[in-house]
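Participant: Quick one, structure for this:
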Amino acid sequence: MANAVFALSTGRCSTQFLAKVLADALPDALVEHEPIGAAYLPRKIFRRPAQVLRVLGGSVPLQRKLIQIEDLLADGRTYIDTGWPTYAWVPYLETRFGDRLRFLHIVRNPFATAASLLTHGLFAGAGKGLARHALIYGTDPGILHSEFRADYAGFSPFEKCLLHWIEVNAFLHEQRERAGSLGLVRFEDVYGGEASGVQDVAESLAGQSLPPIPTQPFDRYQKKLDGDLRLTHPDLAEVAIGLAVTLGYDEADLRATFDLETIAAQYGKLRHERAKPGRRRKA
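Facilitator: Numbering: from 1, shown residues only. The predicted model follows:
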């Protein structure tokens with residue numbers, strides 16, 4: 001049976017790479033990476049189910065995309081979207097596609113994710129449309145961690161990216177109780193050096209066995225970190241660590257690698273500049 005399949009994350013989880021390898025492996029399916037980008041408008045409906053139909057009714061690109069998916073399913077073709085801005089739509093997608101919905105939660109180390117988001121200038125003056133429509137703000141209605149609302153105006157861009165990580169992953173963790181869930185995978189397990197990690201994720205999304213998948217990450221939008229990382233609200237880091245542990249990370253490992261100077265130095269270089277000779281390059 002053809003399915004509507006979504007790889008869901010905060011962004012910066014190599015979903016672009018997954019789209020590329022799946023498109024190569026599944027010529028009869030339509031595989032897309034962020035097909036309408038921020039036009040999914042996840043921020044407008046995040047934890048706000050009463051806003052879903054109003055937002056959908058006001059967005060022609062979103063209406064067209066969902067109708068296109070329905071038409072593909074009617075023709076017996078699977079649809080796979082690895083674009084992260086779909087994350088807030090899971091409840092509605094289940095209503096719309098029923099037992100044909102499949103979704104996978106992909107999570108990455110919170111501090112690495114925040115730094116990677118910041119390489120694109122999010123919350124730091126660049127990517128304003130993406131940040132305004134697709135990332136979660138500490139002042140948004142319905143956020144889980146409203147305790148940070150009063151201090152949010154003083155958050156650094158890194159802290160704002162970290163709060164986005166917390167809110168989106170907490171939400172996706174809740175959605176895993178739905179029948180269409182394909183479970184949770186950690187970025188580090190997929191790209192940590194074992195070829196089977198990428199293979200398993202690709203086959204989970206495809207719903208079938210696939211030829212061997214290459215493991216070299218692909219990212220046409222890679223950028224360097226411009227600026228420092230500043231964390232002045234330690235409670236925010238503690239919440240991120242607590243959630244990461246719930247999602248399968250080891251607390252001692254998280255704390256051991258949580259060094260902002262080291263993270264800044266790493267993301268201040270492009271992947272090929274920071275890879276060591278003879279070792280596979282990481283995303």
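Participant: Report the helix or strand with the lowest average pLDDT across this protein.
Facilitator: Least confident element among the helices and strands of the chain, by mean pLDDT, DSSP states H and E: helix 271-274 (a mean of 52).
Participant: how about the strands of the stretch 1-150 of the chain, start to end?
Facilitator: Secondary structure of the stretch 1-150 of the chain (DSSP state E, counting those that start in this stretch): strands at 4-8, 30-32, 79-81, 101-107.
Participant: in the longest one, what counts as buried?
Facilitator: Within strand 101-107, the residues that qualify as buried by neighbour count (16 or more other Cβ atoms under 10 Å) are 101-107. Quick note: C-beta positions are derived from backbone N, CA and C, even for glycine.
Participant: now the angle between strand 4-8 and that strand, please.
Facilitator: Taking axes from the mean of the first three to the mean of the last three Cα atoms, to 10 degrees, one finds that strand 101-107 is oriented at 10 degrees with respect to strand 4-8.
Participant: so for strand 101-107, what's the average pLDDT?
Facilitator: The average pLDDT within strand 101-107 is 98.
Participant: ok, now stretch 134-151?
Facilitator: Here the average pLDDT along stretch 134-151 is 96.
Participant: what do you get for stretch 154-162?
Facilitator: Mean predicted lDDT for stretch 154-162 stands at 95.
Participant: from the middle of its chain, how far away would that stretch be?
Facilitator: Here stretch 154-162 is found 18 Å from its chain centre; the criterion is Cα atoms, centre = their mean, to the nearest Å.
Participant: buried residues in it?
Facilitator: Buried residues in stretch 154-162 (16+ other Cβ under 10 Å): 155-162.
Participant: can you check stretch 171-180 too?
Facilitator: So stretch 171-180, judged by 16+ other Cβ under 10 Å, has buried residues 171-172, 175, 180.
Participant: And for stretch 59-67?
Facilitator: For stretch 59-67, the neighbour count (16+ other Cβ under 10 Å) marks 59, 62, 65-66 as buried.
Participant: could you dump those residues to TSV with distance to residue 262 and pLDDT?
Facilitator: Output for those, formatted as TSV (distance: Cβ to Cβ, whole Å; pLDDT from 0 to 100):
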residue	distance to residue 262	pLDDT
59	41	97
62	40	97
65	40	98
66	43	98
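Participant: out of these, which one sits closest to residue 40?
Facilitator: Distance to residue 40 across those (Cβ to Cβ) is lowest for residue 62, with 6.4 Å.
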